[in-house]
Structure formats: C-alpha cells, structure tokens
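[1] Requesting a structural model of the entry that follows:
(one chain, ligands or ions: 1)
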Amino acid sequence: MKGRMMVSQLPDHAAFALQRFRELTGKIKHYEEILAVVFWDMRTGAPRKGIGLRSEAYGDLAAESFRLSVSDEMGELLDKLSQHDVLPLLSRVDRRQVEEVRKDYERNRKLPPDLYREYMVLVSQSEAAWEEAKEKSDFPGFLPYLEKIIDYNRRFIEIWGVKETPYDTLLDLYEPDMHVKDLDRLFGELKSRLVPLLEAVQRDGERPDTSFLKGSFDVAAQKAFSLYILKELGYDFEAGRLDESVHPFMTGLNPGDVRITTRYLEDDVLSALFGTIHECGHALYEQNLGEELYGTLLCTGTSLGIHESQSRLWENLVGRSRPFWQRYFPELKKHFPGKFDHVTAEDFYRAVNVAEPSLIRIEADELTYNLHIMIRYEIEKMLFNEGLAARDLPEVWNAKYTEVLGVTPKNDAEGVLQDVHWSGGSFGYFPSYSLGNMYGAQMMAKAREEMPDLDEHIAAGRFASLKEWLTERVYKYGKSLRPAEIILNVTGEPLDSSYLCDYLERKFRDVYRLG
Ligand code: ZN
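    Residues are numbered from 1 along each chain as shown. This next block holds a predicted model:
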C-alpha cells in the first residue's frame, strides 16, 4: 500500500480532497459489489415471484451509485485533484483512478437526466420485444424499437462529441482508445488471411470425425468433470464457486469472491466444458488483481477486449490444444465410461476443432468466429458513419453472410435477430470479442517465447507457470493500465493481428491435415 502514504506530501487542500475522493469511490465500489451479488442471485435460482420487487431494489441502489458518481461534490473533488500542481504528486493508482472517474463523470454529466431515463425505459422494453420477435422471426415487430435505440445512440454521440468518426465515440465505451482506423486495418488483415484459410480447409482438408460427440452424456458426470478441470487450471474455490445459469457468466464481487456459472446440456458434452473453461479464464483475471487496487474502482479488468483475451486464451489456446487433450482425454474417458472406447486423444483433439461456415455466432468455431464479428463491425459502422437505415438491416446482414461465409439465413431469427446486444443498446461492443482473440494470441506467442517448454507443462497438467506469467504481466494491474499499455508491456509491441492469423493457420492446417 505504498501509494497511500503519499497523502502527506500533498498540500492540505489536496490531501483532504484525495481522502474524500477515496471515500466516495470506495462507497461506489461497495455499492457495485452489492449490485453484483444481487445480479448473481437473480440469475442463479432466486425465486421467480420475487424478481419484480427485487428489480426495483436493484434499480434504486444502482441509481444511488450513479448519483454519487455524477454528484457536484465528485465534480469539485475531480477538479481539485486534476490541477496541474496536484495530479503529478498522486500515486500511480490514485492518478489513474482520478482519470478514469473523470472520464465517466464528464460523459454522464453531459446526458440530460430525462433523456437518459427515457432511454433506460426503452431499452428494458426493447429486450422483451426482441425476445418475442426472435421467437417468431418477426423483424418488422422489432423494427420500431431498434429504430428508436439507434436514434438515441446517434443523439448520445452528438452530446458526447464525435471522436474521429461517430462510431469511434461508441467504440470508446467498450475498448478505450480503439478507433475505426485501427479496426479497419485489423479486420482487413483477418479477412485477407482467414477467408482463404477457411476455403482451403473446406476444399482440401480432411474433416475430423465428430460422430462420437453425439449421444447422451450424464449431467452429474459433466458437472464433476467441469469441477475437476477448474481445480486443475488453478481456479481458487476458496475465492469462488461454480453454479448454473441459462447464459454462463462470471461476476467478480471482489478478488476473494469471483463466481462463475455454466449450463449443462445432456446431448452436448462440449458446451458446459468449454463454457466453464471460458468463464474460468475471466475469473483467473479477477482473482489475481493486485492488492494495491483493492477497494478502488480500478479493481477490475481494464477493458472488455482484454477480459475476453483471458477467457479465450484459456478456452481456446489452452483448452482446445493438443497437449491439453493428451493430458485430459484419459480423465474424460474415466468420467464417461463406455462413451469414448474407440477414440484416441488425437481424434478428440481434432473433433473439438472442427471449423465450418455457419449462421449463428455463439455456436461458431475458433476460426470462423472472427468473421461473424467482422460482419457485425462493418454493419455497425454503416449504421453510425454512413446512415444505414434500420429497416435495411436484414438485407445487408444476409448479403454479408453470403459474401463472407457463403451461407445465407433462411429467416431473420437465424440472421439479424440472433444477438441480444442491439436490443440492449450495445453498439460498439462486438469488436471486443475479436480484439480478445487477437490480444490473447499475441500474449500467448510471447509466453511461448519466454517459456519454450510451455506445451510440456500443459501436457503435464501444470498451469501455474502460465497463470503466474499472466498475473505478473496482466492480472495484477487491473484497470490501472489501459488496454494499449497492457499489450505493449506484455509483448513489447502494439496489437498485431498476424499472431492470431499465424496461430490459426498453423492449427487448422494441422487439424485438417493440409500439410
Ligand atoms: Zn467472455
């Protein structure tokens, strides 16, 4: 807690301001922790009849936390602490916290409260409307909501101010400092290498046999295997727990209580397993945040993209690797007696790495996933930078799927209506999934360079070296470093898509025996 002692070197007025600022941000952090436990509870078995009233309690506490963050007092404290003769005297953590809180404060203060309230009501109605529309594949039924949500976001961009392009302003909400000009380049590179790779795999590759993945897999055994793998990976059960929910998620209440969920499907042995490893990756990040961040608003992942890099690194680069299945396939066989008698670890490794063009993003494999994201990125950019009308979305969506993946949705449920994000107003969110894949591959390349025997560690079930490596370079910093600083610190280079492309080419040419 070295940084905390610097208060005494500050002029009195600034020392008081810093103390009060820490109290206020500490209180907001505490509210966030309570909100997180309520959120977790509502999604892991809270009685249905209580949800309505509970939502109101949740809303009140969330509003209180928001009120504190945009209060006049917060504004005054930020002004005092941002003075040019004060800010440089603060510890690294205090300074970063002032900068972060100031950014949110300015953004939120600009929004007229009535406009924000109208928007929140619209979004909550819209999610229900989307669910119904998706069920009936009824895009016209959802269109009025979508049009309004897009209009509101266009107004927010005007209010917040255009950064380079209008869509940049939305990107900044999810991945600070990431711009359209960067994403155009990154996605362009992914497209130019992954589309030909997918074509080669489809045309000349030897498709792995997946027949043994069909059938029924005892849910109790799936649960036992998920718990076993979590322990092996180094998930700390004294600082977390595994539960079930319809959509798997991780929620970090504080570094000593990081909970994850999964979903067991009887006819799919892979869904819960890889879902669990994915959430475990998010959890390892949050369980290993640095002590100097405890109680501050920096005690969390630095961005969606960096968070996703960790879930995907553990799920795909570790969990779908050959050494991993050399070690764990015999264990899997023990958990499911009679299911994999004539299957080898190599067969299983290849089967969990089938790559095929498909319509549904959340079911997509490691190779095609980025193409699903690229399509959404291009469409969002058209909406906010080129004035694409919401009513034209199905046509544009279907044309892009046909062009990029060679598959065409039969209806809007398996097309433009498939994702929840837009119904909740999350525009600019999708790119973080692919950014996560790119950050993760680049970090893993560096880890391999520094630990040449990493594969042997994985094949022996020893994950501590990788976890410690990531803790020292990524996890312990939480939000006290920006995403661009993290990737530069870890790898010595800015984000570069070639690491992901190299990795995917190597892996899928091998899995499909393309020589
Ligand atoms: Zn995730």
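
[2] quick one: the closest residue to Leu393 other than its chain neighbours and Met382, what's the gap?
    With Cβ to Cβ, 6 or more residues apart in numbering as the criterion, Leu393 has its nearest non-adjacent residue at 5.1 Å, and that residue is Val416. Placement of C-beta: from N, CA and C, glycine included. Note on Val416: its distance to Met382, by Cβ to Cβ, to the nearest Å, is 13 Å.

[3] do Leu122 as well
    Here the criterion is Cβ to Cβ. By it, Leu122 lies 22 Å from Met382.

[4] Kindly report the same for Trp325.
    Trp325 sits 41 Å away from Met382 when distances are taken as Cβ to Cβ.

[5] out of these two, which sits in the busier spot?
    Counting neighbours by other Cβ atoms under 10 Å for Trp325 and for Met382 shows that Trp325 has the greater number, 25 against 17.

[6] So which residue is smack in the middle of this structure?
    Glu308 (3.8 Å; Cα atoms, centre = their mean).

[7] Give me the contacts around the host helix or strand of that residue.
    Glu308 is part of helix 304-312 when elements are defined by DSSP states H and E. Under the contact criterion Cβ atoms under 8 Å, 6 or more residues apart in numbering, helix 304-312 has outside partners 174-175, 178, 250, 278-282, 284-285, 301, 429, 431-433, 435-440, 443, 470, 474-475, 483, 486-487.

[8] cutoff 6 Å now
    Residues external to helix 304-312 that are found in contact with it (Cβ atoms under 6 Å, 6 or more residues apart in numbering): 174-175, 278, 281-282, 285, 301, 432-433, 435-437, 439-440, 483, 486.

[9] If you average the pLDDT over that helix, what comes out?
    With pLDDT averaged residue by residue, helix 304-312 scores 98.

[10] after that helix comes which helix or strand?
    Toward the C-terminal end, the helix or strand that comes next after helix 304-312 (DSSP H and E) is helix 322-335.

[11] That next one: which residues count as buried?
    Residues of helix 322-335 classed as buried: 322-329, 332-333, 335 (neighbour count, 16 or more other Cβ atoms under 10 Å).

[12] Same question for stretch 399-409.
    Neighbour counts over stretch 399-409 (16+ other Cβ under 10 Å) mark 400-401, 404-405, 409 as buried.

[13] Likewise for stretch 382-392?
    Applying 16+ other Cβ under 10 Å to stretch 382-392 flags 382-384, 388, 390 as buried.

[14] Can you tell me how far the residue nearest to Leu393 is from Val180?
    Computed as Cβ to Cβ, the Val416 to Val180 distance reads 22 Å.

[15] Looking at the buried residues of stretch 382-392, which is nearest His421?
    Ranked by distance to His421 (Cβ to Cβ), the buried residues of stretch 382-392 are led by Leu383 at 12.6 Å.

[16] Which pLDDT value goes with that closest one?
    pLDDT, the model's per-residue confidence, is 98 for Leu383.

[17] Let me know the helix or strand that it is in.
    Using DSSP H and E, the secondary-structure element containing Leu383 is helix 369-385.

[18] Kindly confirm my reading that Phe508 forms part of a strand.
    No. Judged by DSSP: H, G, I helix; E, B strand; the rest coil, Phe508 forms no part of a strand; its state is helix.

[19] Please look at it and Val201 and confirm they touch.
    Yes. Contact criterion Cβ atoms under 6 Å: Phe508 and Val201 qualify, at 5.5 Å.

[20] list the residues that contact both of these two?
    Listed contacts common to Phe508 and Val201 are Ala355; contacts here mean Cβ under 6 Å, 6+ apart.

[21] next one: stretch 318-333 to chain centre, how far?
    The chain centroid and the centroid of stretch 318-333 are separated by 25 Å under Cα atoms, centre = their mean, to the nearest Å.

[22] any idea of the mean pLDDT in it?
    Across stretch 318-333, pLDDT averages out at 98.

[23] from now on call the first residue 22
    Okay, residue one is now 22; in that scheme the one you just asked about reads as stretch 339-354.

[24] hmm, who's touching it?
    With contact meaning Cβ under 6 Å, 6+ apart, stretch 339-354 is reached by 298, 361, 366, 369-370, 373-374, 476, 479-480, 482.

[25] all strands in this structure, in order from the N-terminus.
    Under the criterion DSSP state E, the chain contains strands at 263-265, 271-275, 278-283.

[26] between the ones you listed, which one is nearest to Glu44?
    Closest to Glu44 of the strands of the chain, according to Cβ to Cβ: strand 271-275, at 17.6 Å.

[27] And that closest one, what's buried?
    Applying a neighbour-count criterion of 16+ other Cβ under 10 Å, the buried positions in strand 271-275 are 271-275.

[28] and if you look at stretch 79-90?
    The neighbour-count check on stretch 79-90 (16+ other Cβ under 10 Å) flags 79, 83, 86-87, 90 as buried.

[29] Appreciated, that's everything.
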